[in-house]
Each structure stands twice: as C-alpha cells, then as structure tokens.
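Q: fold the following and give me the result.
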Amino acid sequence: MAHHEAQPDVLLEDETLRDGLQAESRIFSLDEKLAIYQQLAEAGIGRIQVGSFVNPKRVPQMAETDKLIRTITSQYKNHAIVSALILNDKGLERAIDCNVQHVSMSVSVSNTHSLKNAGKTAADALTDMADLIRQATDSGLMVRAGLQCSFGCVYEGAIDEQAVLKAAEKFAIAGAQEINLADTIGMANPLTVENMVRLILQELPKIKISLHLHDTRGLGLANTYAGYQSGVRTFDTCTGGLGGCPFVRGAAGNVPTEDAVHMFSSIGVRTGIDLEKICDTVETLETMLNRKLPGRMKTVLAAER
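A: The predicted structure is shown next:
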C-alpha cells in the first residue's frame, strides 16, 4: 500500500508517458494519456515525466505534449510533479509557455551517439545544453541535467568516467539541481554504477544524483540496488518495463516501476507507491497495446490472488 502520510525514502520518476511510449507505433490519444497520468498519480508516483518537447515529425507520439501538460495542470491539483524532456531552445520556449514545473535537459557523452541522435558532437551538445540550462534556471524552472550513455555506448564501448564527471561539473555550474546518469544502451553493471555514482558524489557532494537505467541485459534492478547502496535516492522507471531509445537498436526496456516498488518495499525502503494500483496501470497498458509487458509483479500479484 502507498505511504502517503510519510515522506518516501526514494523518489521513482515514472517515465511511461515519455520514454515508455515514444517508440510505440500505436499513437496514444490525449484522453488515453490523461487516463494513464491519473492512474500513475493516484498510485502515489511523486514525479511523472509526461512527454518531450521535440519535433512531432521525428517522434509522433509526443505531438500533444504542450496540450497534455496544460490539461493536467488545469484538471489535476496537488498530485505528482509534472516533468518533461527538453533537447533544444525551441523546446525550452514551449516548456515555459505551458508552465511545466520540472524539466529534464539531456545530452550524450558519447560522440558517435550524439552525432546520430542530435546531429552534434558531444562537446558542442554539452556547451549548447549548458547555455540552455542557464536560461531555464533563470526562468525559474527546476532543472535536471541528463548525461546519456554514461555507462557505455553500443558504438564506442566503455565511456571514460572522467568525461562523465567533467560533463556533470559543467551542468552543475550551469545551475542544474540534479544530474541524471543514463544507461541509455543498458550496458551498466552494479560495479560500474557504484564506481560512477561514488566518483560524482565525491567530487560534487552538493548535487543530487538520479539514475535512468535500462534492463536491456537483465541487470536493471541489480543496478538500481547498487545505485541505492551508493547513495542515489531518485530513479527513473517505466510502468510495465516499457520504453527504450528509439534511435539505438536493441536499447529497449526500462526498469519496471512495479518491480522497483516491490524490491524497495521488500528491503524496508518506502516509495510512497501502491503496488496494486501500479499493477492496475500495467493491465491498462497491456490492454491498450494488446501484448504482455516485461514487468514481473503484475503476474506475481495475479497468481497470489
């Protein structure tokens, strides 16, 4: 059951409506997205990334992000923090215009991935995003700065920890309140997660660290636990284990929200999320998508019932 009365020990940011849906060919309507948001909020999710401000021709699923946020903020009060992803100056303009509360602003530390994904070198993307972060914080937005491919790249292999640290330092100086280390390709393991987190917390002790982990190779929950043991208290998840980078072959599968809730609950760590309600959301998504999702706890609860 959700512990709404007590402050959660960890924050799970559910990204079903953004990362979870962005690669799906079936386009979800505004009403369907609103219904999913309401289920997530009622389950006790504290922060929900509802979309991205990107070119709808490239990611059609995100075409109505502006309208979605305006509808949520006008219809749903005192629920979750609403967040969205920004990748460029036009996205920032749109975010400010629709009064979103929280934004993620992300670049890749892999040069090859950055060129393929953003059309810029990693160095140029980092410089441009740092400038954009300054503009966002000056506008009063809560900013989380993300570093894609922090634990490895399918094109380049291992990523130098010092390169990740320098990028994190640049974003912290620009004003980001949180640094999000993203395992975009799903190449992390518990040891690399532990080493990277401890390095950044040692060098940037005042910055908040969050993790965006993929379960591509089956280590999502193990890496989540390693991050928790290393001091991380904010994690990205997707209900049912949906999601993945649509521009990287084989990079599918986020950590399922319901499985993360169960893992933390089983070791006495409060998430504030009602497991049964989040599993109801999994059922909703499976019905909409007409397929079973990879998360485990919905099946476990169904068997126990």
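Q: tell me how far the helix or strand where residue 223 lies lies from the chain's centre.
A: Secondary structure assigned from DSSP states H and E places residue 223 in helix 220-229. Put simply, helix 220-229 sits 15 Å off its chain's centre (CA atoms, centre = their mean, to the nearest Å).
Q: again with stretch 280-292
A: Relative to where its chain is centred, stretch 280-292 has its mean C-alpha point 20 Å off (CA atoms, centre = their mean).
Q: gap between the closest residue in space to residue 289 that isn't next to it in sequence and residue 288?
A: Closest residue in space to residue 289, ignoring its immediate chain neighbours: residue 26 at 6.5 Å, by CB to CB, 6 or more residues apart in numbering. All C-beta atoms are positioned from the backbone trio N, CA, C, and that covers glycine. Per CB to CB, to the nearest Å, residue 26 is found 7 Å from residue 288.
Q: the two - which one has more neighbours?
A: Neighbour comparison, residue 26 and residue 288: the larger count goes to residue 288, with 15 against 10 (by other CB atoms under 10 Å).
Q: wait, that one sits on residue 28?
A: Yes: contact criterion CB atoms under 8 Å: residue 288 and residue 28 qualify, at 7.2 Å.
Q: quick revisit: what's the following helix or strand after the helix holding residue 223?
A: strand 234-237.
Q: could you list the buried residues of whichever helix or strand comes after that next one?
A: Next in sequence after strand 234-237, counting helices and strands by DSSP H and E, comes helix 257-266. Using 16 or more other CB atoms under 10 Å as the test for burial, helix 257-266 gives 257-264.
Q: what does stretch 155-171 give?
A: 156, 159, 163-165, 167-168, 170-171.
Q: same check on stretch 277-295?
A: In stretch 277-295, counting by 16+ other CB under 10 Å, buried: 277-282, 284-285, 289, 293, 295.
Q: secondary structure added to the residues you listed, as a markdown table?
A: Formatted as a markdown table, the buried residues of stretch 277-295 follow (DSSP: H, G, I helix; E, B strand; the rest coil):
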| residue | secondary structure |
| --- | --- |
| 277 | helix |
| 278 | helix |
| 279 | helix |
| 280 | helix |
| 281 | helix |
| 282 | helix |
| 284 | helix |
| 285 | helix |
| 289 | helix |
| 293 | coil |
| 295 | coil |
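Q: tell me what residue 238 is bridged to.
A: residue 256 (DSSP bridges).
Q: circling back: which among the buried residues of stretch 277-295 gets closest to residue 39?
A: residue 281 (4.4 Å; CB to CB).
Q: correct me, but residue 301 touches residue 279?
A: Yes: under the criterion of CB under 8 Å, residue 301 makes contact with residue 279 at 5.4 Å.
Q: so which residues make contact with stretch 57-68?
A: Stretch 57-68 has contacts (CB atoms under 8 Å, 6 or more residues apart in numbering) with 17-18, 21-24, 27-28, 30, 33-34, 37, 50-54, 56, 84, 94, 97-98, 246.
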